[in-house]
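Q: Pasted the sequence and its predicted model underneath.
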Amino acid sequence: MFARSAARALKSQSRLFSSSAARQTKVAVLGAGGGIGQPLSLLLKCDPLVSSLSLYDIRGAPGVAADVSHIDSSGDVKGYAADQLDAALEGVKVVVIPAGVPRKPGMTRDDLFNTNASIVRDLATAVGRVSPEAHILVISNPVNSTVPIVAETLAKAGVFDPKRVFGVTSLDVVRATRFLAEVTGADPANTPVTVVGGHSGPTIVPLLSQSSYGKAITGESYEKIVHRIQYGGDEVVKAKDGAGSATLSMAYAGAKFTNSLLRGLTGEKGVVTPTFVKSPLFADQGIDFFSSNVELGPNGVEKIHEIGPLSPEEEKLLAACLPELKKNIQKGKSFVGA
């Protein structure tokens, strides 16, 4: 589990970092009472790098906090009600935002926009006011639009730092890794897949050719696995028969990315994972946010990696990704009036 891996990683760095440094990370979950927020809060309570957990929602967060606080791991937990957002953000170093409405059958991520856009904007406004130096991890869909909303909201407040705002696209990586392992019969630990682009349908570009296992997948098998990676969320929505979306796997992916960021913040070297950030990779095409491998460190984003060599099939996927991603980004910016 990622928490045990993080503990081992931190222990291996014990000569470089004092234990007190690792205890200073306070994390807030905004939307802690929801389908993603509850299991996410549980997983973060198990992470040894989280010293204090601040749980906020318009309803239910104090109850979630009371429940999670009984887990026998170190770290304090406190829940905050609807009128206590500012208090929930006091002294927070990392803010994770899963707040919003879930997808239902037939809905795309863009269908969520009208509701979730205003929620994310208001939460970002509060973060900019109370904890302007916090690192913000956006889970709320549609990520391709909500991350630009956060960035523009903070920019209007004069506190935007592109190194501290992240779109959590880790679920695409988790799915790609798992699905490739299923196809090849390998251990998922041996089948990591880099996924670039954005976090919806055709904007999700899995780079299977850069995996020793993935490069052997061709023809119909390749088309099937790419489609499943791009539309895995639909698979879950359908299976839940209208009762929800990908909450548990998203919570896992969100906690996994949070742990990666926390490891980078404590100074661990070589923490690299895909995430949707303000990026120069396709800025010349008017696309200033993009997900690619990013090295995480004490400042948040330390280095944005190039996407590397692509197969002809991946070139086509990227060509389909870029115009759609550009529209999604602009939609977020326009919402804030940018």
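A: Okay, I see it.
Q: which of the residues in stretch 119-136 are buried?
A: 119-121, 123-128, 130-131, 134-136 (16 or more other C-beta atoms under 10 Å). The way it works is simple: take the backbone N, C-alpha and C, and place the C-beta from them, glycine included.
Q: One more: stretch 81-89?
A: If you call a residue buried by 16+ other C-beta under 10 Å, then stretch 81-89 has these buried ones: 85, 88-89.
Q: can you pull up the bridge partners for the closest residue to D288 other than its chain neighbours?
A: Leaving out its chain neighbours, the residue that sits closest to D288 by C-beta to C-beta, 6 or more residues apart in numbering is K278, at 5.9 Å. Assessed by DSSP bridges, K278 has beta-bridge partners F289.
Q: tell me, how many neighbours does K278 end up with?
A: Residues near K278, counting by other C-beta atoms under 10 Å, number 20.
Q: Narrow the buried residues of stretch 81-89 to those in helices?
A: Mapping the buried residues of stretch 81-89 onto helices (DSSP state H) picks out 85, 88-89.
Q: Next, count neighbours for N299.
A: 12.
Q: Tell me if I'm right that it and K163 touch.
A: Yes - in this structure, N299 is within contact of K163 by C-beta atoms under 8 Å, at 5.2 Å.
Q: what sits in contact with each of those two?
A: Residues touching both N299 and K163 by C-beta atoms under 8 Å, 6 or more residues apart in numbering: none at all.
Q: picking that back up, mind telling me the two of the buried residues of stretch 119-136 farthest from one another?
A: Comparing every pair within the buried residues of stretch 119-136 by C-beta to C-beta identifies I119 and H135 as the most remote, at 19.3 Å.
Q: can you give me the helices for the stretch 151-300 of the chain?
A: Under the criterion DSSP state H, counting those that start in this stretch, the stretch 151-300 of the chain contains helices at 170-184, 219-230, 232-239, 248-265.
Q: Quick one, which of the ones you listed gets closest to G308.
A: Between the helices of the stretch 151-300 of the chain, helix 170-184 lies closest to G308; by C-beta to C-beta that is 15.2 Å.
Q: And the helices in the stretch 1-150 of the chain, which stretches?
A: According to DSSP H, counting those that start in this stretch, the helices that the stretch 1-150 of the chain contains are 2-12, 19-22, 37-45, 61-68, 85-89, 113-130, 143-156.
Q: which stretch in those is the model least sure about?
A: Mean pLDDT is lowest for helix 19-22 among the helices of the stretch 1-150 of the chain, at a mean of 39.
Q: so where's this protein shaky on pLDDT?
A: Applying pLDDT under 70 to the chain flags the ranges 1-24, 103-110, 338.
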